[in-house]
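# kindly generate the corresponding structure for this input.
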Amino acid sequence: MSNTEVDPQEVVCRDGGLPGPRSERAEGAPVEIIEAREVPLGGPRAMTVRRTLPQRQRSMIGAWCFADHYGPDDVSATGGMDVAPHPHTGLQTVSWLFEGAIDHIDSGGNTGRVLPGQLNLMTAGHGICHSEVSTAETTMLHGVQLWLALPDAVRDALPRRFQHYEPAPVAFDGGSALVFLGDLLGAVSPVDVHSPLVAAEIRLDAAATFELAVDPGYEHGVLVDAGDVTLEGVPVPRAAIGYTGIGSDRLRIRNEGTTPARIVLIGGAPFGEDIVMWWNFVGRDSDEIARYRREWQDEGERFGRVDGYVGHDPHGLTRLPAPALPGVRLRPRQNRPPHVQG
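Alright, predicted model coming up:
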């Protein structure tokens, strides 16, 4: 998915107090709440997404540097998703749907249909471009789009790649999980990533409590899609992320409601590298970002081209132009320490 904001803002993280609440439980991890902000995805009937990462409050959770949550979206009213070919560098895109279907085409010669419960991961590496279009049969669109920053050691060396994986459900007392990246609940995803991390869709029955064993070297985020969810006793609003830092080997998640709840758990070891993220590019300094933008605008070989893109609007853009750069040098995102800020 593209960041289609016409004036994407640099977010500079500084030390200081944050609005996120802490848990007051005597035992268990404190919790920081990362609220979502609404962003139109583009087009005359723009589909709105709810963005939790990046924020001034917190830029990353492990290698996770971008999180959009969208839907349930009535495609007849919004036009659905239609993102013309656009570039990426230095990252992997993670597409995970709850409802609907999206057709993907990229400049690595890969095509794929994103379906509910099936992971689609695209590796940009040195550079890639792709398009994403909800299918004609889709009536409701609902899911998340996540990005993973690639470590400096591999970000320019990896080839363009597209991987698909359909995890089997893992049942537990009070619910089930689909582990689509990393290792959790005895399930291991075979998909290639380049930082220690985990991601899973977790469903909780009404009034169910789940004590989830986790890696204490990871920081974690619980993104609530549906339900009346608490994390370590702290309510997490829908579309927000409840964040816990490193040091906990168990998370207590409860559905306080009378209907099933659904969350997306993300986590990973603290990334340990500063990044510059602007529009659809992840780099390490302002000069890199300016070069990526120039090469995209010049239709350079770094990104290649998408063949076969057909958008919903026959008169629409065939390629997304890059926004203008700000008139100042971009500074790296120095992420918060991997502990709850309160």
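# what comes up buried for the least confident helix or strand in the chain by mean pLDDT?
The weakest-scoring helix or strand in the chain, judged by mean pLDDT, DSSP states H and E, is helix 75-78 (a mean of 86). Neighbour-count burial for helix 75-78 flags 75, 78 (criterion: 16 or more other C-beta atoms under 10 Å). C-beta coordinates here come from the backbone N, C-alpha and C atoms, glycine included.
# just how off-centre is the helix or strand following that helix within its chain?
Remark: after helix 75-78, the chain's next helix or strand is strand 82-88, criterion DSSP states H and E. Mean-position distance between strand 82-88 and its chain equals 16 Å (C-alpha atoms, centre = their mean, to the nearest Å).
# in its sheet, which strands sit next to strand 82-88, and in what direction?
Sheet pairing of strand 82-88 (DSSP bridges) gives strand 128-134 (antiparallel).
# where do the helices sit along the chain?
Taking DSSP state H, the helices of the chain run over residues 75-78, 286-297.
# I'd like those helices as JSON lines, with distance to residue 141 appended.
Shown next, in JSON lines, are the helices of the chain (distance: least, C-beta to C-beta, whole Å):
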{"stretch": "helix 75-78", "distance to residue 141": "6"}
{"stretch": "helix 286-297", "distance to residue 141": "27"}
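# so which of those gets nearest residue 245?
Closest to residue 245 of these, according to C-beta to C-beta: helix 286-297, at 28.9 Å.
# can you spell out which helices and strands pack onto the closest one?
Under the contact criterion of 3 or more C-beta pairs under 8 Å, 6 or more residues apart in numbering; DSSP states H and E, helix 286-297 touches strand 276-278, strand 281-283.
# next, format those strands as JSON lines and append distance to residue 40 and mean neighbour count.
Below are those laid out as JSON lines (distance: least, C-beta to C-beta, whole Å; neighbours: other C-beta atoms under 10 Å):
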{"stretch": "strand 276-278", "distance to residue 40": "18", "mean neighbour count": "23"}
{"stretch": "strand 281-283", "distance to residue 40": "20", "mean neighbour count": "24"}
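# now these in TSV, with distance to residue 323?
Below are the helices and strands packed on helix 286-297 laid out as TSV (distance: least, C-beta to C-beta, whole Å):
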stretch	distance to residue 323
strand 276-278	9
strand 281-283	11
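# out of the ones you listed, nearest to residue 320?
strand 281-283 (12.6 Å).
# check the offset of that closest one from the chain's centre.
Per C-alpha atoms, centre = their mean, the centroid offset for strand 281-283 relative to its chain is 15 Å.
# deepest of the helices of the chain, which one?
Highest mean neighbour count among those (mean count of other C-beta atoms under 10 Å): helix 286-297, with a mean of 18.
# how big is the angle separating it from strand 128-134?
Per axes from the mean of the first three to the mean of the last three C-alpha atoms, to 10 degrees, the angle that helix 286-297 makes with strand 128-134 is 60 degrees.
# quick one: mean pLDDT for helix 286-297?
When pLDDT is averaged over helix 286-297, the result is 98.
# which residues are in contact with it?
With contact meaning C-beta atoms under 8 Å, 6 or more residues apart in numbering, helix 286-297 is reached by 87, 89, 127, 129, 276, 278-279, 281, 283, 300, 302-303, 321-322, 325, 329-331.
# export the helices and strands packed on helix 286-297 to a markdown table and tack on mean pLDDT and distance to residue 142?
As requested, those are arranged in a markdown table below (pLDDT from 0 to 100; distance: least, C-beta to C-beta, whole Å):
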| stretch | mean pLDDT | distance to residue 142 |
| --- | --- | --- |
| strand 276-278 | 96 | 26 |
| strand 281-283 | 97 | 26 |
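# nice, that's everything, thank you.
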